[in-house]
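Novice: take a look and give me a structure for this.
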Amino acid sequence: LVWIKGLTDLPHAFEVERALHRTLRGAWWNPPLDGPQARYAVEHDLPLVIEEQGLTFVLLPPGEYLMGSPPEERPQIGNKGVDEALHAVVISEAFYLSAHEVTNARYRAFDPAHQSGDSSKIRGPNRDERKVLTLDDDDQPALGMSWDEARRFCEHLSEQASHPGRYRLPTEAQWEYACRAGTRARWFWGEDPADAFRHANAADRNANVIFKWGREVDAGERFFEVSDPHEVAGGVGSYRPNPWGLYDTIGNAAEWVRDSYDATYPSDPTGPVYDPYADEGPKSPRVYRGGSFLDPPGRCRASEGSV
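Specialist: Prediction:
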C-alpha cells in the first residue's frame, strides 16, 4: 500500500469523482454517508477517492485507536507478543492510502524487468512435485521487492508527479489504523476465522493441498479451515474490502511499512502516542504487515508485524 500526502494541495484541475457512494474496483464498498470518511470529506471539501498515477487512493480521517493486541490474542512463542502491547495512538492528520496492493502491471511500468515468479520458488515439502502456479499475472500483486525497492517505487511516483515526497510507504501506526478501520477484533471482519474466505486470501485448505503445511488436525494454527478461491496470490481487489474501502490488507501479499523494527515498542499507559514512527538506521530490519496467501491465522492479524 502506498501513502500519499498533500490534502490541502490537491490540484483543482483534477477531475475527481466526488460521489460518496462511488464503488472502487472490486465490489461491496459503499461508505455510509454518516461514516467518518464521508463526514471528513464533506467537512473539509475533499474527495473521498482520488485517482493518480494509475492507482486509486482512499481518504482516511485523523483519529485515535488502540494499537496492538490483548494478551490472550498474542502468540505464546518465546517472547513473541511483547511488541504488541496495547497502547493508544493518535493519527493527527488525514491521509490518502492506496485502496489496492500494487499490481505486477503497475510495478512493471516502473521496473519492466520485474517478475514475481511462480509457486515453485516457495519453500516447503514436496517442492519438486507440486503444481506450479504463476504469481506473475498483470493483476496479481507485485511480489519479491525489497524494502528499498518499495521505497524507490514511491520516490519514482513522486518524481513523476513533480512533487518530492508526495508518495511514501505508510508508517506502521498508519497501516494498522487503516487495516482496523475502526474495528478492534483480530481481523477487521471480526473474530470468526470461518469468515476469512470472504475477506482474505490467506493460508487455507486449498493451499494446504499444494504446500502441505500440516494435517487437518493442525488447522487453525497452520491454515484457515476454509477454502478461498485462490491457491496462491489472487488478483488485487478479489475479496471484500475492510470498512474503509481498503482491499487485501489481510492476506494476498504482505506489505512493507515505513518503519524499522523497534524492540522498545511504545506503550504509555499515561497517555496516547502521537504519530509514532521508528527509524533505527539504514541497516535496521524493516517491518511488513498483513500476512500473505502463505500465512496462517495468527500471522494475518491486524496487530501482527514481521521483519
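Novice: could you use CA atoms for every contact and neighbour count after this?
Specialist: Fine.
Novice: look at stretch 91-111 and report the distance between its end residues.
Specialist: Taking CA to CA, to the nearest Å, stretch 91-111 runs 33 Å from one end to the other.
Novice: now do it: distance to the chain's middle.
Specialist: Distance of stretch 91-111 from its chain centroid, counting by CA atoms, centre = their mean, to the nearest Å, is 10 Å.
Novice: list the buried residues of it.
Specialist: 91, 94-107 (16 or more other CA atoms under 10 Å).
Novice: where does pLDDT dip in the stretch 1-150 of the chain?
Specialist: Scanning the stretch 1-150 of the chain with the threshold set as pLDDT under 70 gives 1-30, 33, 75-83, 124-128.
Novice: which parts of it are helices?
Specialist: 36-43, 104-110, 147-160 (DSSP state H, counting those that start in this stretch).
Novice: returning to that earlier point: now flag whichever of the buried residues of stretch 91-111 is closest to residue 43.
Specialist: residue 94 (12.4 Å; CA to CA).
Novice: ok, the closest one - contacts?
Specialist: By CA atoms under 8 Å, 6 or more residues apart in numbering, residue 94 lies in contact with 7, 59-62.
Novice: in JSON lines, list those residues along with neighbour count and distance to residue 275.
Specialist: Below are the contacts of residue 94 laid out as JSON lines (neighbours: other CA atoms under 10 Å; distance: CA to CA, whole Å):
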{"residue": "7", "neighbour count": "15", "distance to residue 275": "17"}
{"residue": "59", "neighbour count": "25", "distance to residue 275": "17"}
{"residue": "60", "neighbour count": "25", "distance to residue 275": "14"}
{"residue": "61", "neighbour count": "18", "distance to residue 275": "13"}
{"residue": "62", "neighbour count": "16", "distance to residue 275": "10"}
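Novice: from these, which land in strands?
Specialist: 59-60 (DSSP state E).
Novice: would you list the contacts of residue 94 in a markdown table and tack on distance to residue 35?
Specialist: Putting the contacts of residue 94 into a markdown table (distance: CA to CA, whole Å) gives the following:
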| residue | distance to residue 35 |
| --- | --- |
| 7 | 19 |
| 59 | 12 |
| 60 | 11 |
| 61 | 10 |
| 62 | 13 |
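Novice: got the confidence number for the one residue sitting closest to the centre of the chain?
Specialist: The centroid of the chain falls nearest to residue 249 when counting by CA atoms, centre = their mean (3.4 Å). Model confidence at residue 249, given as pLDDT, is 96.
Novice: can you check residue 281 too?
Specialist: Reported pLDDT for residue 281: 78.
Novice: what's the neighbour count on it?
Specialist: Using other CA atoms under 10 Å as the criterion, residue 281 is surrounded by 10 other residues.
Novice: kindly report the same for residue 181.
Specialist: Residue 181, neighbours per other CA under 10 Å, totals 18.
Novice: that one against residue 242, yeah?
Specialist: Yes - using CA atoms under 8 Å, residue 181 is in contact with residue 242, at 6.8 Å.
Novice: all strands for the stretch 51-200 of the chain, in order.
Specialist: Secondary structure of the stretch 51-200 of the chain by DSSP state E, counting those that start in this stretch: the strands cover 55-60, 63-67, 87-91, 95-98, 167-168.
Novice: could you pull up the contacting residues of residue 276?
Specialist: Residue 276 touches 89, 171, 173, counting by CA under 8 Å, 6+ apart.
Novice: check contacts around the residue nearest to the first one when sequence neighbours are not counted.
Specialist: Translated: residue 89. What sits nearest to residue 89 in space, not counting adjacent residues and going by CA to CA, 6 or more residues apart in numbering, is residue 273, at 4.7 Å. For residue 273, the contact set (CA under 8 Å, 6+ apart) comprises 87-90, 266.
Novice: again, only using 10 Å
Specialist: Applying CA atoms under 10 Å, 6 or more residues apart in numbering, we find residue 273 in contact with 64, 67, 87-91, 173, 266-267.
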